[in-house]
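Asker: Starting from these lines, generate the structure:
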Amino acid sequence: MPVNAPKHALILAAGVGSRLRPITDLTPKPLVQIHGTPILHNALHNLGRVGVEQVTIVVGYRKEAIREACGSRLGGVAIKFIESPVYDRTGSAYSLWLARDALLSGDHYLLEGDVFFEENVLRQLIISEAPNAAAVAPFHELMQGSAVLLSDLGLISEFRLKQTARNLIADGPPLYKTMNLLRLSASTLRTEVIPALDDMVRAGATQAYTEELLSYLVETRGLQLAAVRCDDLRWYEIDDAEDLRIAERIFAEADTFGPTAQG
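Answerer: A predicted model of the protein is given here:
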């Protein structure tokens, strides 16, 4: 594996997934299935294929179901869990803060537990020579959520939260969707991310999202976060029933699919 391939990953999987009810009344969102494969299992298999050895999963809602579905090892990946006792009233950045000790163990992939993606997304992150990189794709009219603007050098220059199709202005700068898949260096985690998380929690901003933290670091603290374009790769963030249908459609187009499929 290239030098830029982390051995560690952190998956944020504590949320309730209320927009996917009634499916998530019994099944936590990371275990919702696309063509028979749970979102979380897809992530773990893909991480294992690119050389990840240790994954930390932050759990909260229906945590026992996730523990049971993953165990302490899946494939070649060792798994440990961190529990958020306040998952129903905190944001994803708080889950990140709870995992701060794990983040000190080295370079990490950081991902949300509701993104279904092909293995090649991680391989694109590895190829980037930048110390810190985030997967992005063009923002299209069916999408909603966090978007970014890119600089001429291919760095993320600005975050725009809560974007929808209405924000796609014909003569405006191109918008890119954050895929919630990042590669962050041990140095950046130790000297920038964790201190900012500590400040956030100390200030009582426990409902902040990870994108808000990244926005602060990029726009206020000068973090250089390279945008890795994944325009032609298959992925989808699953928040509601319509997203689930779109993801099923995207991955139905694959010639092969499942834990043995190659992206």
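Asker: okay, how far is it across stretch 212-230, tip to tip?
Answerer: The straight-line separation of the ends of stretch 212-230 (C-alpha to C-alpha, to the nearest Å) is 22 Å.
Asker: Relative to the whole chain's centre, how far out is it?
Answerer: 14 Å (C-alpha atoms, centre = their mean, to the nearest Å).
Asker: for stretch 118-138, same thing?
Answerer: The answer for stretch 118-138 is 12 Å, by C-alpha atoms, centre = their mean.
Asker: Please save the CA atoms from it in CSV.
Answerer: The C-alpha trace of stretch 118-138 is given here as CSV (Å, rounded to 0.1, in the frame of the first residue of the first chain):
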residue,chain,number,x,y,z
GLU,A,118,-17.4,1.6,-3.9
GLU,A,119,-13.9,0.7,-2.9
ASN,A,120,-12.3,3.0,-5.5
VAL,A,121,-13.4,6.1,-3.5
LEU,A,122,-10.9,5.1,-0.8
ARG,A,123,-8.2,4.4,-3.5
GLN,A,124,-8.7,7.9,-4.9
LEU,A,125,-8.1,9.3,-1.4
ILE,A,126,-4.9,7.3,-1.2
ILE,A,127,-3.6,8.5,-4.6
SER,A,128,-3.8,12.1,-3.5
GLU,A,129,-0.4,13.3,-2.3
ALA,A,130,-2.0,15.9,0.0
PRO,A,131,-1.7,15.2,3.8
ASN,A,132,-5.4,15.8,4.2
ALA,A,133,-8.0,15.0,1.6
ALA,A,134,-11.8,14.8,1.3
ALA,A,135,-13.8,13.0,-1.4
VAL,A,136,-16.2,15.2,-3.3
ALA,A,137,-18.5,14.9,-6.3
PRO,A,138,-20.5,17.4,-8.4
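Asker: how about it: buried residues?
Answerer: Neighbour counts over stretch 118-138 (16 or more other C-beta atoms under 10 Å) mark 118-126, 128, 130-137 as buried. Glycine gets a C-beta too; all of them are placed from N, C-alpha and C.
Asker: mind checking the SS state of the most centrally placed residue in the chain?
Answerer: Centroid check for the chain by C-alpha atoms, centre = their mean gives residue 111 as the closest residue, at 2.5 Å. Recorded secondary structure, residue 111: strand (DSSP: H, G, I helix; E, B strand; the rest coil).
Asker: Show me the buried residues of stretch 118-138 that map onto helices.
Answerer: 119-126 (DSSP state H).
Asker: Strands of the protein, residue ranges please.
Answerer: Listed in chain order, the strands found in the chain under DSSP state E are 8-13, 33-34, 37-38, 54-59, 73-74, 77-83, 108-112, 115-117, 133-138, 145-150, 156-163, 176-184, 226-229, 235-237.
Asker: The second one - what's its average pLDDT?
Answerer: Meaning strand 33-34. Strand 33-34 shows a mean pLDDT of 93.
Asker: packing partners for it?
Answerer: helix 241-252 (3 or more C-beta pairs under 8 Å, 6 or more residues apart in numbering; DSSP states H and E).
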